[in-house]
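S.K.: Build me a model from this:
(chains A, B, C and D)
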Number of protein chains: 2
Amino acid sequence: MSPTPSPRADDPTVGRRAQLKARTRRDLVDAAAGLMHDTEGVDFSVEDLAARAGVSRRTVFNHFPSLDDVVAAVGADAFGTVRDALLAARPPEPHRDDAHARRAAVLDDLVGALRRADLVRPMASLTRGLGLAGECADAAVVPPHQAMLLLRSLSEVSERVADDLVSRHAGVDLLDVELLVAQTMSSLVVLHRHWFTRTGAASDAAARGVWADLLAHLAPALATATAPPGTPATEGHHG
Amino acid sequence: MSPTPSPRADDPTVGRRAQLKARTRRDLVDAAAGLMHDTEGVDFSVEDLAARAGVSRRTVFNHFPSLDDVVAAVGADAFGTVRDALLAARPPEPHRDDAHARRAAVLDDLVGALRRADLVRPMASLTRGLGLAGECADAAVVPPHQAMLLLRSLSEVSERVADDLVSRHAGVDLLDVELLVAQTMSSLVVLHRHWFTRTGAASDAAARGVWADLLAHLAPALATATAPPGTPATEGHHG
DNA sequence: GCACTTCGTTGCACTGAGTGCAACTAGCGT
DNA sequence: ACGCTAGTTGCACTCAGTGCAACGAAGTGC
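M.R.: A predicted model of the protein is given here:
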């Protein structure tokens, strides 16, 4: 299902040692993703995961402190498309003068990546993988623990995306970028809840349309929270 | 330490039954807060909590599905000052015309509550209660699980605050409010991390000054959005 | 007041997550 | 080849969390 969607495993430290360690870690994440897909939830045991990954039960806890961290890694893997979309686009003009314009440029860069990245697929996958489709499709409510799992998945990529953004936008304040990224990622959780209650976590064209509509709400809200009144920012885009 | 800081336990359904149930729940939350304060972390056992609350071990799980939910309740209790500050202020002028102004009014209301509420005290309390002061004061990094605990505490109050905001601002879009609240609450986690690394979770005047400075980063648009364009806003605070 | 139901609490047994420790083994420098 | 290091494994252990069957007091109808 997720055969290395983002080949970012080319660290300079690729000894035979770290290579094998990364391999077992990937096996674990893939096995967890497969189990989540099969059981439609996080109902599998640690031994199930270890058996499917072909490692010992103890090895699981050598890589992840808890099962939640494994599913967070699965989610982060799925949401890697956001970082891919960000890095795929070439960085905008190198430097601005005032802080407002710099923040607006970062926001533009990030929201652009969110628009270009296919978020419906990982959202649908994670929704089913967390067992939200079967459990509470009628209740239309996301239990707090699953919501936290979703948020942790996004937090995982947030750190990397924040680092990428400060690299792409020279001279921007680190705190501002971190705020922007955190705000955006938590917004995605809210958007996911609405999208889930409206579409039931489907991946068809209608669900994508709903998502695009919801995503259009994101930019104005972020602009309200960050942009000065003189800047049009990313206002007005509406599918 | 936390003798009912917000007496919102006056529901219309106060039979003798629910009253006792609410009492034991409060005992549990208070006991958890006390244990977190004593042990400087979440290192206590369920039996410790049950013993301190004067209830059975099984009763803990009758009220909270897991220990994390207990500490989330403790955090939500501590952050109740935000909702108090929000409800203390009377709502602004009833209605605006365009959506941007409505959003800005909601943000104004929310950030105003954040400024008026004493956030340094609960932040410091929670930081020590989560064991961040002793564990990683030198590492200056917040482990993901504790960060999630902090975020869950804020999420708990977020729902109520969002409901309050839609009540106070008639005609505003529910999605917009939820986005704004989620963005603000996740921002508080980022601000907390910076504040923690700079002050070490102190509660003195210097720590409050740092917090106020960081809070100014949260909504640089607030000053500019509410004030007429041309005001220099709260830009330039640094260090 | 008295039977009857309801609901929160309790005790108990049980599964399973997570940890500490001591091997074992394969990569790695000399 | 040698020692050193680091990832994996098995084992034993603690403890979080669950299901179930009482028990007792609050609520209800008579």
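S.K.: which element follows the least confident helix or strand in chain A by mean pLDDT toward the C-terminus?
M.R.: Ranked by mean pLDDT, DSSP states H and E, the weakest helix or strand in chain A is helix A:132-135, scoring a mean of 76. For helix A:132-135, the following helix or strand on the C-terminal side (DSSP states H and E) is helix A:144-168.
S.K.: Using the neighbour-count criterion, name the buried positions in the next helix or strand after that next one.
M.R.: Next helix or strand after helix A:144-168 toward the C-terminus (DSSP H and E): helix A:174-199. Going by neighbour count (16 or more other Cβ atoms under 10 Å in any protein chain shown), the buried part of helix A:174-199 is A:175-196, A:198-199. C-betas here are computed from N, CA, C, even on glycine.
S.K.: how far out from the middle of the chain is helix A:174-199?
M.R.: Centre-to-centre, helix A:174-199 and its host chain are 10 Å apart (Cα atoms, centre = their mean, to the nearest Å).
S.K.: is chain B contacted by it?
M.R.: Yes - for helix A:174-199 and chain B, the contact criterion (Cβ under 8 Å from any Cβ of the partner chain) is met by A:175-176, A:178-179, A:182-187, A:189-191, A:194.
S.K.: Stretch A:78-95 too?
M.R.: No - against chain B, stretch A:78-95 shows no contacts by Cβ under 8 Å from any Cβ, the least distance being 15.3 Å.
S.K.: Name the residues of that stretch that come out as buried.
M.R.: In stretch A:78-95, counting by 16+ other Cβ under 10 Å, buried: A:78-87.
S.K.: Same check on stretch A:39-49?
M.R.: Quick answer for stretch A:39-49 (16+ other Cβ under 10 Å): A:41-42, A:44, A:48-49.
S.K.: can I get those residues in CSV with distance to DNA strand D, pLDDT and secondary structure?
M.R.: Shown next, in CSV, are the buried residues of stretch A:39-49 (distance: Cβ to the nearest atom of the strand, whole Å; pLDDT from 0 to 100; DSSP: H, G, I helix; E, B strand; the rest coil):
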residue, distance to DNA strand D, pLDDT, secondary structure
A:Gly41, 13, 90, coil
A:Val42, 12, 94, coil
A:Phe44, 15, 96, coil
A:Asp48, 14, 97, helix
A:Leu49, 12, 98, helix
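S.K.: Take those and write them to CSV, including distance to B:Asn62.
M.R.: Compiled in CSV, the buried residues of stretch A:39-49 are given as follows (distance: Cβ to Cβ, whole Å):
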residue, distance to B:Asn62
A:Gly41, 24
A:Val42, 23
A:Phe44, 27
A:Asp48, 29
A:Leu49, 30
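S.K.: State the pair within those that is farthest apart.
M.R.: A:Gly41 and A:Leu49 (13.5 Å; Cβ to Cβ).
S.K.: Skip the chain neighbours and tell me the closest residue to the residue positioned nearest the centre of chain A.
M.R.: Central residue of chain A (Cα atoms, centre = their mean): A:Phe79, 3.4 Å from the mean position. Distances taken as Cβ to Cβ, 6 or more residues apart in numbering or on different chains place A:Val157 nearest to A:Phe79, at 5.0 Å, with adjacent residues excluded.
S.K.: Over to A:Ala50?
M.R.: Nearest one to A:Ala50, counting by Cβ to Cβ, 6+ apart, is A:Arg57 at 4.4 Å.
S.K.: so what's that neighbour up against?
M.R.: With contacts defined as Cβ atoms under 8 Å, 6 or more residues apart in numbering or on different chains, A:Arg57 is in contact with A:46-47, A:50.
S.K.: which one among those gets closest to DNA strand D?
M.R.: A:Ala50 (7.3 Å; Cβ to the nearest atom of the strand).
S.K.: ok, back up a step: so how far is DNA strand C from the residue nearest to A:Ala50?
M.R.: Separation of A:Arg57 from DNA strand C (Cβ to the nearest atom of the strand, to the nearest Å): 7 Å.
S.K.: Who are the packing partners of the host helix or strand of A:Ala113?
M.R.: Taking DSSP H and E as the criterion, the element that holds A:Ala113 is helix A:99-116. If you count contacts as 3 or more Cβ pairs under 8 Å, 6 or more residues apart in numbering or on different chains; DSSP states H and E, helix A:99-116 packs onto helix A:80-88, helix A:144-168, helix A:174-199, helix A:205-226, helix B:220-226.
S.K.: quick one on the thing from earlier: okay, the residue nearest to the centre of chain A: pLDDT?
M.R.: With respect to pLDDT, A:Phe79 has a value of 97.
S.K.: same check, this time on A:Pro91
M.R.: 79.
S.K.: what does A:Arg17 give?
M.R.: 88.
S.K.: helix/strand/coil for it?
M.R.: Classification of A:Arg17 using DSSP: H, G, I helix; E, B strand; the rest coil returns helix.
S.K.: Report the contact partners of it.
M.R.: By Cβ under 8 Å, 6+ apart, A:Arg17 has no neighbours at all.
S.K.: Run through chain A and note the low-pLDDT ranges.
M.R.: Applying pLDDT under 70 to chain A flags the ranges A:1-13, A:94-96, A:135-140, A:224-239.
S.K.: Please consider this matter closed, and thank you.
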